[in-house]
Structure formats: structure tokens, C-alpha cells
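*Asks:* Coordinates only, no sequence provided:
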């Protein structure tokens, strides 16, 4: 049976130190029928030059530069609008896929009739060293479960475009991946969790997610302005998220 086209969605911004490893992991996929759509949010480093070298030898990769620095949400939506695949997969420009990632995940989805899935993943540092921590999946995540504490790694998600259609990423600087999954869970009841570790997530010291106060701010925007939850329910979810983070640290 022929492989359906998979569109890989990759926003990027100042990832010159890491994007080559990420691109290598895409080219190493055992599943070959993919297109990689890179949308650059006006990087100020040599990201474009690195990507151009890959494009010279691989027509499956395309590069698009935004007119202005607009954030990852706009970059993702731009890439999703350009996508032509039957499946859409998401990959941040500093994460790494295992070589069999697409092949195994799409087969698992097809065999089980799943339209929306994620996988387990492990954490690595800025030098590709393992942090000896695996983030496991939840068997199935619905809208309310995702609101509590998102168990979904962005760079592990694949969904069936033929079954679910296309979406626009809510335009917030952080947690826009969670916001997208919430939009999609209004159409598809579950994100199904594949227990296999098929992605390596890079933990970076100066990322927005490392600043917990900023993350709390963006959670509040997500709950109140995008999902229109009540003040009480929004406060509950913020409190729950803070408790979970404290427990994980301990």
C-alpha cells in the first residue's frame, strides 16, 4: 500500500544551533512520503542559510519567511495553510524524531482507526544529552483532561487531515499548541496516546516555558480569552497546574 503524504509543520525562530539536528532526524525517517514546511518568524541568526543547504538536496523541504515577527502561532497557521498532506505532523525546530517515528505512529493510527494521536517522549539538554526523563502518554485525552494538565508533546502529534480538516492556531505567544489541541478536541473526541518513545524534546535554559510566571500568564489568556472559561474555573486550572509542577519538582 502506498504511503499517504505527511505534511510536517515546523515554525522556527533563531534555532541555528539546533535546526540541523532536527532536519537530519526528518530526513532519516523510514517513512519517505513527507513534505517539510518551515516557516521562519524573522530569525536574526543564520537559520535560513542552514535550511537552504538542505533544500538544495531535498525538494521535500520548503522555507517561508514571515513578513514580520509574529509568534509561533502565526508561523504554525501559515505552514498549516500551505500543507497538502493527508496527515499533518508537528515538529519544533529544536526537537528530534526517532527514525521510525512517522512509520510506526501512522501504522498505529491506521490499525486502530485513530484520527488524532501523540506519543511518549524523552527530554534532552542543549547538547543532545539525555536528561533521563521520559514523559509518558495518557491512553486517551479529551477536552477536559487536556485543560487540567496537557499530557501532549507538541512534536509528537500527528492527525488525519482527511478526517478532521484544517485549523487555525489561536494567536497567543505561549501555550498556542495547547490552544490548538483544544480547538481540535471540539471536533474529535480524543487524542490517543501511543506509549512508544518516538521523540526527543530539547529543554533549553532561556525558553519562554522556563519562565513559570510568563507561562501562568499565558495559561490565563488561554482559559479566559480563548476558551472563555469562568474566572473560578480558570483560577482552578491555574492552581492545579501550579500544584502539578511543584509535585514534579519534588
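*Replies:* Cool, the structure landed. Quantities reported herein were computed from a predicted structural model and do not represent experimental measurements.
*Asks:* A strand includes residue 62, no?
*Replies:* Yes. Assessed with DSSP: H, G, I helix; E, B strand; the rest coil, residue 62 lies in a strand.
*Asks:* three-state assignment of residue 134?
*Replies:* Classified using three-state DSSP, residue 134 is strand.
*Asks:* show me what contacts it?
*Replies:* 120, 121, 122, 123, 197 (C-beta atoms under 8 Å, 6 or more residues apart in numbering). Glycine gets a C-beta too; all of them are placed from N, C-alpha and C.
*Asks:* Give me the contacts around stretch 12-28.
*Replies:* 8, 10, 34, 36, 38-47, 50-51, 54, 58, 61, 69, 72, 75, 91-99, 126, 128, 202.
*Asks:* Just the ones of those in helices?
*Replies:* Counting by DSSP state H, the members of the contacts of stretch 12-28 that fall within helices are 47, 50, 51, 54, 72, 75.
*Asks:* Widest-spaced pair of those?
*Replies:* 54 and 72 (20.8 Å; C-beta to C-beta).
*Asks:* more crowded one of the two?
*Replies:* Between residue 54 and residue 72, counted using other C-beta atoms under 10 Å, residue 72 has the larger neighbour count: 23 against 19.
*Asks:* That one and residue 9 touch, don't they?
*Replies:* No. Using C-beta atoms under 8 Å, residue 72 is not in contact with residue 9, being 10.6 Å away.
*Asks:* How about the most centrally placed residue in the chain: what's its closest non-neighbour residue?
*Replies:* Closest to where the C-alpha atoms of the chain average out (C-alpha atoms, centre = their mean) is residue 154, at 2.4 Å. Excluding its sequence neighbours, the residue lying closest to residue 154 (C-beta to C-beta, 6 or more residues apart in numbering) is residue 177, at 4.3 Å.
*Asks:* who's in contact with the one you found?
*Replies:* 76, 90, 152, 154, 169.
*Asks:* And what about the nearest residue to the first one once chain neighbours are set aside, helix, strand or coil?
*Replies:* Among residues not flanking residue 76 along the chain, residue 169 sits closest, at 4.5 Å (C-beta to C-beta, 6+ apart). Put simply, residue 169 is coil when judged by three-state DSSP.
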